[in-house]
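Student: Dropping a prediction and its sequence here:
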Amino acid sequence: MEGVAVRGTQRSPMQLIPAGQGAAVPLARGQRIRVVNTHGTQVVDFWGFARVAPAEEYLSMEHCRELLQKIHFDVGDTLITNRYSPILTILADSTTAEHDTLIAACSRDMYRRLGRGEDHANCADNLDAALAGLRLWVPFTPSPWNLFMRAPVRDGRRIEYERPTCKPGDHVELRAEMDCVLVFSACADDVYPTNGGDGTPRDAHFQVLEA
Ligand SMILES: [Zn+2]
């Protein structure tokens, strides 16, 4: 698929987002990152925050949908925070996924409601743990950008949950438009079909590229 302004060589090693767990990385303005769907079936819940604590300025799906006038974002789009500051630009996307922007992160409450017990791994807890590792915190769970997740809207109003259409190694590339912290969670969902439907969350990876 098309890309824009991709240049330079890869600098950092590929970094692991363990299956069902989270990871975080600080980025300086101008740095680029690649998020990789290593196995092709894994949704990665994704957040971005300005580098201050508490992390009250964040990549906001609600504000992006308003400004961009769409529910799925494209290569060349610049995504914004809840304070309308540019935070990330989409440079490339090898997938045909739509990267859901509508569905909340999975949480203890969601798995409890679904009868999966009190201690199911979940993206909301993964976000908190990843931020804590960088001495940041957020008093709530912002809506994630659900990379590689397919939850298409049918008939203009009804959401369907579908298996990912990605190939192993499919990826998106982003450029930081501010100093920020990015958080990833290799979603632990084994209820909906969005992680491939076989009940097995898998690893994903990310890689920081040259500024
Ligand atoms: Zn999840």
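Tutor: Structure received.
Student: What residues of the helix of greatest length in the chain count as buried?
Tutor: If you go by DSSP state H, the chain has its longest helix at helix 123-132. For helix 123-132, burial by neighbour count (16 or more other CB atoms under 10 Å) applies to Cys123, Ala124, Asp125, Asn126, Leu127, Asp128, Ala130, Leu131. C-beta: built from backbone N, CA, C; applies to glycine.
Student: Hmm, the first one is touching Ala188, no?
Tutor: Yes - the pair Cys123 / Ala188 is scored as a contact, 7.0 Å apart, by CB atoms under 8 Å.
Student: what touches both of these two?
Tutor: Listed as contacting both Cys123 and Ala188 by CB atoms under 8 Å, 6 or more residues apart in numbering are Cys106.
Student: on that earlier part again, CA atoms only for the longest helix of the chain - export them in PDB, please.
Tutor: Backbone C-alpha positions of helix 123-132 (Å, rounded to 0.1, in the frame of the first residue of the first chain) are rendered in PDB as follows:
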ATOM      1  CA  CYS A 123      -5.900  -4.100  27.800                       C
ATOM      2  CA  ALA A 124      -7.100  -1.600  30.400                       C
ATOM      3  CA  ASP A 125      -4.800  -3.100  33.000                       C
ATOM      4  CA  ASN A 126      -2.000  -3.400  30.400                       C
ATOM      5  CA  LEU A 127      -2.200   0.300  29.700                       C
ATOM      6  CA  ASP A 128      -2.000   1.100  33.400                       C
ATOM      7  CA  ALA A 129       1.000  -1.200  33.900                       C
ATOM      8  CA  ALA A 130       2.900   0.100  30.900                       C
ATOM      9  CA  LEU A 131       2.400   3.700  31.900                       C
ATOM     10  CA  ALA A 132       3.500   2.900  35.500                       C
END
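Student: Which of the buried residues of helix 123-132 sits closest to Asp203?
Tutor: Asn126 (13.5 Å; CB to CB).
Student: For the nearest residue to the closest one once chain neighbours are set aside, give me its contacts.
Tutor: Excluding the flanking residues, the one nearest Asn126 by CB to CB, 6 or more residues apart in numbering is Gly22, at 3.1 Å. By CB under 8 Å, 6+ apart, the contact list for Gly22 reads Cys123, Asn126, Leu127, Ala129, Ala130, Val183, Phe184, Ser185, Ala186.
Student: now Gly22, which residues is it bridged with?
Tutor: Gly22 has these beta-bridge partners by DSSP bridges: Ser185.
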